[in-house]
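**Q** Sharing a model prediction with you, sequence too.
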Amino acid sequence: MLSPDMQKRLLGYQRDEITEHHIYRLLARIQKSPENRKILERIAEDEKRHYNQWKRYTGEDAQADRSKVRKYYWITRIFGLTFGTRLMERDEERAQKNYADLYPEIDQAKAIAEDESDHENALIGMLDEERLRYVGAVVLGLNDALVELTGALAGLTLALQNTQLIALTGLITGIAAALSMAASEYLATKTEESSLQPLKAAFYTGTSYVVTVILLIVPYLLVSNYFVSLACTLAIAVLIIAVFNFYTSVAMNQPFRKRFAEMATLSLGVAGLSFLVGLGLRVALGVEV
């Protein structure tokens, strides 16, 4: 006989399992890839099996959390299948940490925990998604834009001291660099023995570069004080780095803090050096704008 607290706790786990069953089943229905559809259907069946295992102890039915189903459905549609499923599994792993104290009382708890952590993660690792195959091209465009443009804008801020002129110069520099990077990625991918398509790799590199350029230059178009604009640009750069590294840390099981620290240090370090170079050149050449 379960205590009221234990009954409530197991019903919570039961509800999580049936909720995830509905999420995976819904995601399977919208997959174009037969392989991905089969993987998601297998995970959905696993979640249903776990639900029934908990039900043996509670003797009650549990209803799915429809708001959670909608939440992860849209996260997956917007940010990708692998990101959405791994994010959901991260949430589930937090719950699994509480399973250990159930082992003495619930004989199936350990088996469910092991199944959840090993089998489902292995299945998610089998998912094939185009955007993750080209993540290297995105990193190339994003990282180069952050390093080069934050440095350029920092230097131009001191050298030109005019937000509109800085924005114009930055846009010209950024778009030219984006086209150059896209062309270089096309040629590099074409010469490599890779399953990646050169045109798609170039598109991902160029697009990520241009989007980053626009985001970094926006403050100079909206704020008249060039020092405030530079501060906003650096803040946006750090935010872009944080968001991108969170995405890759979830979707590709990579460490977040180390990669974030490396990219942020590199971008801000180059910006600081460029700021000093701009100041030095302005003083040395006696340029007044």
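**A** Cool, the structure landed. Just so it is clear, the structure is predicted and the values come from calculations on it, not from any experiment. Numbering: from 1, shown residues only.
**Q** do you know how far Lys190 is from Met181?
**A** 15 Å (Cβ to Cβ, to the nearest Å). Using the backbone N, CA and C atoms, a C-beta is placed for each residue, glycine as well.
**Q** secondary structure element for the residue nearest in space to the middle of the chain?
**A** In the chain, the centroid-proximal residue (Cα atoms, centre = their mean) is Tyr247; its distance is 1.2 Å. Element membership of Tyr247 [criterion: DSSP states H and E] is helix 226-251.
**Q** which helices and strands does the next helix or strand after that helix pack with?
**A** Toward the C-terminus, helix 226-251 is succeeded by helix 256-285 as the next helix or strand (DSSP H and E). Packing contacts for helix 256-285, counted by 3 or more Cβ pairs under 8 Å, 6 or more residues apart in numbering; DSSP states H and E, involve helix 135-160, helix 226-251.
**Q** Figure out how far helix 256-285 is from the centre of its chain.
**A** Counting by Cα atoms, centre = their mean, to the nearest Å, helix 256-285 is centred 25 Å from the centre of its parent chain.
**Q** circling back to that earlier point, how close does the residue nearest to the centre of the chain sit to Leu187?
**A** 27 Å.
**Q** Kindly report the same for Lys200.
**A** 14 Å.
**Q** These two: who's more crowded?
**A** Lys200 (16 against 12; other Cβ atoms under 10 Å).
**Q** List the buried residues of the helix or strand hosting that one.
**A** Assessed by DSSP H and E, Lys200 sits inside helix 198-222. Counting neighbours by 16 or more other Cβ atoms under 10 Å, one finds that the buried residues in helix 198-222 are 198, 200-213, 215-217, 219-220.
**Q** Where among the helices and strands packed on helix 256-285 is average confidence lowest?
**A** When the helices and strands packed on helix 256-285 are ranked by mean pLDDT, helix 135-160 comes last with a mean of 81.
**Q** Buried residues, stretch 136-145. List them.
**A** Neighbour-count burial for stretch 136-145 [16+ other Cβ under 10 Å]: Ala137, Val138, Val139, Leu140, Gly141, Leu142, Asn143, Asp144, Ala145.
**Q** before we move on, what about stretch 175-191?
**A** Buried, per 16+ other Cβ under 10 Å, within stretch 175-191: Ala177, Ala178, Met181, Ala182, Glu185, Tyr186, Ala188, Thr189.
**Q** Inside helices: which ones of the residues you listed?
**A** Among those, the subset assigned to helices under DSSP state H consists of Ala177, Ala178, Met181, Ala182, Glu185, Tyr186, Ala188, Thr189.
**Q** would you list those in a markdown table and tack on pLDDT and distance to Leu10?
**A** Formatted as a markdown table, those follow (pLDDT from 0 to 100; distance: Cβ to Cβ, whole Å):
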| residue | pLDDT | distance to Leu10 |
| --- | --- | --- |
| Ala177 | 89 | 57 |
| Ala178 | 90 | 54 |
| Met181 | 87 | 54 |
| Ala182 | 89 | 54 |
| Glu185 | 86 | 52 |
| Tyr186 | 87 | 56 |
| Ala188 | 84 | 54 |
| Thr189 | 84 | 52 |
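**Q** So which other helices or strands are in contact with the helix holding Tyr247?
**A** helix 81-96, helix 135-160, helix 163-191, helix 198-222, helix 256-285.
**Q** count of neighbours near the nearest residue in space to Asn253 that is not next to it in sequence?
**A** If the residues on either side of it in the chain are set aside, Asn253 comes closest to Arg86, at 7.2 Å by Cβ to Cβ, 6 or more residues apart in numbering. By other Cβ under 10 Å, 19 other residues sit near Arg86.
**Q** Wait, Arg86 touches Thr248, no?
**A** No. Arg86 is beyond contact range of Thr248, at 10.7 Å (criterion: Cβ atoms under 8 Å).
**Q** and the gap between Asn162 and Thr169?
**A** 10 Å.
**Q** now do Gln53
**A** 64 Å.
**Q** Ser180 too?
**A** Distance from Ser180 to Thr169, by Cβ to Cβ: 16 Å.
**Q** and what of Ser224?
**A** 17 Å.
**Q** What of Ile75?
**A** 38 Å.
**Q** ok, now Arg42?
**A** If you go by Cβ to Cβ, the gap between Arg42 and Thr169 works out to 54 Å.
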